[in-house]
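*Asks:* A predicted structure for the sequence below; I have some questions about it.
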Amino acid sequence: QQTSTVRISIASFRMMQSGSTSWRKRLVPFFVLFLHFVCVCEAQFGRKKGKKDQDLAEQAAGSGTPEQESSEPESAPETVELFGFEVDKAIFYGVTLFLAVVLSAGIVFQLDAEKKRKKGNRPNTPGTVDVVVVGTGMPKRGMGWYHLTQLLEMKTVNVRAIVEPFFLNPELCKNVPESFVKLTESLDEADVEMVKSVDDLRPFRRPTMCLIAGRTPDNPKFFAQCVAKGASVIYLEKPGAPSVAELEKMKNLADKAGTKVYIGYNKNVSKYVQKTVDLARKIPNSMVYFCHNNAYQKADLPECFARNSEGMMKNMAIHELALLVTFFDVRVESIDKFKVNTDKLFSEKLTVWKPGTTLPKPEYVSDFSRAAFKIITKDGSNVAVMADRCGGNFSFAVVKDESGKEVQKFEFPDQETQSKVDEQCKQDPEMMPYFFLQSDDYLELKTRVVNSMLAGTDAAGLATIDIGLNALKLAEFGTAQLNKALEAL
């Protein structure tokens, strides 16, 4: 009987193990095992009852004498002792076998569920690293979304998952935009996992880069969650955190976990910046002037201010501040003079009505629409920065000699690139223009990080979290200096 039980169990286990079997068919072995177990127990109880009835009948018929009965040896016990209780051997073995099969089945189902989990658009492909994008945002508007579109095309990347805390959270987003619905459909076909929280992801087992492009106030939380999941590298959109104190905490967390962190300052790899730096280093006592423009209309500034609540210096001009830290060794501690150009054409602070708020409780937000300043360091370095939210869709850098004469101006984009971008904007007017403009730089940053992960080296030329910290310190210092100078007017 035990042999037949084992045969049934083995057959049932094989049926459960079959990957092509439907879940309904997989339940059949459990019922077979359960019925078999019931039959075994019933048979055992039946035999014991029959044996007891037979003994009573024989005693009633007067068969044998008491002496003969007492002299007969007792049969071997048919029970086992378990926690002080006697349990029939057959029942004990039956239960044990049944539990073993159930446990094995659970493991099989778990392994099968693991197989069905989404693993990315290039799972287990040699020469790739896993990437998780945190904070995709709205298609054609969000920085995370644009990074995602490029990552999906990179042959060295397996986009394992996206995390979108707003559009994928039905409690926060009641009406999901059609463009995001289409995005989820395409990602589902590509076998990319989609969740509302980093906590919903499985721990990372392969080398994994987390690209965090959420709102700046949310990034510290996302960062800690990614480190806890085992991220090898974190690519953090600028400025990384709302404050120096928070970014320092993030750095300490990454250092303890052994996680490399890069911040997405794309101008660090821009060709026009490299040409500017190369020329400036060849000219003794040169002066460099960086100008950064956005293409917002004045009517768009309330939305811009509200969305970029960290402020212009930490959101827009931070790119140039990162350049000063990286290539000109500027630090708050090294600054001798910080001169603000207070002419309204160059520096202006506005207070606007915050979108989404109404009377009787309106809210207002203040920020710089443009800012210009010069920094002279204690060792004599002379650099200047201007940022203008409404200046247009271009940037440039100027190198001057010691007398202040312009030596050369480097523009971005150049005429050929601008013509290309203009055409792209006409074909897709819903796309943020700077995506087209800076597309090559964004791709170059990610390519360097991915290649460094595959090679086991540091990514060359990228801003580390240390550079990011010093840039953020400059931003906080510069904001205070700008406010002081403009309030004094």
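*Replies:* Alright, I've got the coordinates. Just so we're clear, the structure is a prediction, and the values are computed from it rather than from any experiment. Numbering: from 1, shown residues only.

*Asks:* okay, CA-based contacts and neighbour counts for the rest of this
*Replies:* Fine.

*Asks:* Give the partner strands of the lengthiest strand in the chain in its sheet and their orientations.
*Replies:* Longest strand of the chain, by residue count under DSSP state E: strand 364-377. Sheet pairing here is set by DSSP bridges, and for strand 364-377 it gives strand 335-340 (antiparallel), strand 348-353 (antiparallel), strand 382-388 (antiparallel).

*Asks:* got the buried residues for the first one?
*Replies:* Neighbour-count burial for strand 335-340 flags Ile335, Phe338, Lys339, Val340 (criterion: 16 or more other Cα atoms under 10 Å).

*Asks:* ok, back up a step: could you take the strands paired with strand 364-377 and lay them out as JSON lines, with extra columns for mean pLDDT and distance to Leu187?
*Replies:* Compiled in JSON lines, the strands paired with strand 364-377 are given as follows (pLDDT from 0 to 100; distance: least, Cα to Cα, whole Å):
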{"stretch": "strand 335-340", "mean pLDDT": "98", "distance to Leu187": "48"}
{"stretch": "strand 348-353", "mean pLDDT": "96", "distance to Leu187": "38"}
{"stretch": "strand 382-388", "mean pLDDT": "97", "distance to Leu187": "37"}
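
*Asks:* got a markdown table for these, with distance to Thr208 too?
*Replies:* Compiled in a markdown table, the strands paired with strand 364-377 are given as follows (distance: least, Cα to Cα, whole Å):
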| stretch | distance to Thr208 |
| --- | --- |
| strand 335-340 | 39 |
| strand 348-353 | 42 |
| strand 382-388 | 35 |
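
*Asks:* what distance separates the strand or helix carrying Val181 from the centre of its chain?
*Replies:* Take DSSP states H and E as the rule and Val181 turns out to sit in helix 178-189. Taking Cα atoms, centre = their mean, to the nearest Å, one finds helix 178-189 lying 18 Å from the centre of the chain it belongs to.

*Asks:* Also stretch 326-336?
*Replies:* Offset of stretch 326-336 from its chain centre (Cα atoms, centre = their mean): 32 Å.

*Asks:* What mean pLDDT does the helix holding Val181 get?
*Replies:* The pLDDT scores in helix 178-189 average 96.

*Asks:* and if you look at stretch 420-440?
*Replies:* Stretch 420-440 comes out at a mean pLDDT of 91.

*Asks:* what residue lies at the spatial centre of this protein?
*Replies:* For the chain, the residue sitting closest to the mean C-alpha position, by Cα atoms, centre = their mean, is Val134 at 3.5 Å.

*Asks:* quick one, what contacts it?
*Replies:* Val134 makes contact with Gly144, Ile162, Val163, Glu164, Val198, Cys210, Leu211, Ile212, Ala213, Gly214, Phe222, according to Cα atoms under 8 Å, 6 or more residues apart in numbering.

*Asks:* Ramachandran coordinates for Asp130?
*Replies:* phi -80, psi 140 (degrees, to the nearest 10).

*Asks:* That one contacts Arg206, doesn't it?
*Replies:* Yes - contact criterion Cα atoms under 8 Å: Asp130 and Arg206 qualify, at 6.8 Å.

*Asks:* More neighbours: which of these two?
*Replies:* Shown here are Asp130 and Arg206; by other Cα atoms under 10 Å, Asp130 has more neighbours (27 against 14).

*Asks:* Show the contacting residues for Arg205.
*Replies:* Gly230.

*Asks:* Oh, that last question was meant for Ile467, not what I typed.
*Replies:* Ala322, Val325, Thr326.

*Asks:* Would you mind listing the buried residues in the helix or strand where the first one lies?
*Replies:* Applying DSSP H and E as the criterion places Ala322 in helix 318-328. Residues of helix 318-328 classed as buried: Ile318, His319, Glu320, Leu321, Ala322, Leu323, Leu324, Val325, Thr326, Phe328 (neighbour count, 16+ other Cα under 10 Å).

*Asks:* Name the residues that touch that helix?
*Replies:* By Cα under 8 Å, 6+ apart, helix 318-328 touches 238-239, 265-268, 277, 290, 292, 312, 330-331, 381, 383, 385, 463, 467-468, 470-472, 474-475.

*Asks:* The stretch 151-300 of the chain: strands as residue ranges?
*Replies:* Ranges of strands in the stretch 151-300 of the chain, per DSSP state E, counting those that start in this stretch, are 157-163, 193-195, 208-212, 233-236, 260-263, 287-293.
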